[in-house]
Structures are given as structure tokens and as C-alpha cells.
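> structural data only, the sequence is not supplied:
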């Protein structure tokens, strides 16, 4: 099974290319134009074992909103394409990830129904040039197009960098668990409906 995808998305605000391999080794080539976002996308690749190639030319002279949201959208589209009919996946995944004083929990269901429930109170308004409000916009764009239900909770944290990094690492680990192929359910769609 070849679970790869390549998606391009061009608007008046951003020009984005995403290529990925869900069964990769965690290799990443990232050029979003926002250094801290690249650092977070690298966590998705490394801890999700997803090969990820993302390039974006966005209207950063305005701010990072369109770039961050549109990368989330395009990444979600690539996930949906690479998953195909979802036969044989475990569907659900969860992870708790600590980093020093910070602890986050992420739970995902590749249900075919988009929903984001995020409880994170960042202790800083920015991380480098990334506005922390845009973390929500990234994940909202992702769930709308990957068609998954996603619960993100930062349970503890004083340092905003640590808060954000635990979120992205836990997301990567949860996604990796959910998209793993289950040898006991090979070729079976994990739903009583018969489709996801």
C-alpha cells in the first residue's frame, strides 16, 4: 500500500506545496517562512514517522495568519489523500507527552467528521514570529480537511515553547498510532457503518 500524497494550494494569500509519506522515517524538508512553525512541523514528521516536504510562499508582510492556517488546510488535504479509504487503520490514537514542566494530551479519531476541541492557555502571545493564537487555526484547518476529530489539552505548562512543543509531539504520536495498519484488521474499514 502506497500511502503518499502531493497537494498544492494557491490563493491570493499563499502558495503552498505539501508532499508526504505516512509510512516514512520522519524525514522533513520545511520552508514555511515562520521558523517556529517549521520547528513544530518537524515534530510531526519526527515523532509521527511521516516524511514531510512543505514549502510556502505566504503574505508574511501582513502577518502569519494566512500562512499558518493554509498550511494546516493543505496538510489536512494531503493526509486525506494519503489515507485513501482508510482500510486497515487503527482509526483512534492518543498520546501524552511531557517536556520539563509541560504536559499535553492529544486524542484523534479519523472518523470522517471534522471537529476540534482545544483547551490550551498559552503563557505567551508569541513564539518567535508565531502568534500562539494561530496554533488553533492550524489545527482547525487540518481537521476540516483531514476529516478527523481532534482533542488537544495542555494539562500543565509554564513555558509557552514547552506547551506548544508537547502539543505537536503528542499530536504526532497520536496520529502515528491512529494511522498504523492493524494486521488483525487488514483490508477492513474500522467502522460499523462500513465507511469513514
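Yep, that arrived. Fair warning: this is a prediction, and the values are worked out from it, not measured in the lab.
> the strands in the protein, which residues?
Remark: strands assigned in the chain by DSSP state E are 4-10, 14-21, 28-31, 51-58, 92-99, 102-109, 115-119, 126-127, 130-131, 149-156.
> so can I have TSV of those showing distance to residue 45, mean neighbour count and mean pLDDT?
C-betas here are computed from N, CA, C, even on glycine. TSV is the format used below for those (distance: least, C-beta to C-beta, whole Å; neighbours: other C-beta atoms under 10 Å; pLDDT from 0 to 100):
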stretch	distance to residue 45	mean neighbour count	mean pLDDT
strand 4-10	14	16	98
strand 14-21	8	20	98
strand 28-31	4	16	98
strand 51-58	4	20	98
strand 92-99	15	18	98
strand 102-109	16	22	99
strand 115-119	21	13	98
strand 126-127	19	18	98
strand 130-131	17	20	98
strand 149-156	18	18	98
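> quick one: which of those is nearest residue 195?
Proximity to residue 195 (C-beta to C-beta) singles out strand 102-109 among the strands of the chain, at 14.6 Å.
> partner strands of the closest one and their direction?
If you go by DSSP bridges, strand 102-109 pairs up with strand 92-99 (antiparallel), strand 149-156 (antiparallel).
> what angle sits between it and strand 115-119?
Computed by axes from the mean of the first three to the mean of the last three C-alpha atoms, to 10 degrees, the angle separating strand 102-109 from strand 115-119 equals 170 degrees.
> quick one: contacts of strand 102-109?
Contacts to strand 102-109, defined as C-beta atoms under 8 Å, 6 or more residues apart in numbering, come from residues 91-97, 120, 148-159, 162-163, 165-167, 169-171, 173-175, 178.
> what do you get if the cut-off is 7 Å, keeping everything else the same?
Strand 102-109 is contacted from outside by 91-97, 148-157, 159, 162-163, 166-167, 170-171, 174-175, 178, using C-beta atoms under 7 Å, 6 or more residues apart in numbering.
> same question, stretch 182-195
Against stretch 182-195 from outside (C-beta under 7 Å, 6+ apart): 85, 86, 87, 88, 89, 90, 91, 196.
> would JSON lines of these with pLDDT, distance to residue 33 and neighbour count be doable?
As requested, the contacts of stretch 182-195 are exported to JSON lines (pLDDT from 0 to 100; distance: C-beta to C-beta, whole Å; neighbours: other C-beta atoms under 10 Å):
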{"residue": "85", "pLDDT": "95", "distance to residue 33": "34", "neighbour count": "10"}
{"residue": "86", "pLDDT": "97", "distance to residue 33": "32", "neighbour count": "20"}
{"residue": "87", "pLDDT": "96", "distance to residue 33": "37", "neighbour count": "15"}
{"residue": "88", "pLDDT": "96", "distance to residue 33": "37", "neighbour count": "19"}
{"residue": "89", "pLDDT": "97", "distance to residue 33": "32", "neighbour count": "24"}
{"residue": "90", "pLDDT": "97", "distance to residue 33": "34", "neighbour count": "16"}
{"residue": "91", "pLDDT": "98", "distance to residue 33": "34", "neighbour count": "22"}
{"residue": "196", "pLDDT": "90", "distance to residue 33": "34", "neighbour count": "19"}
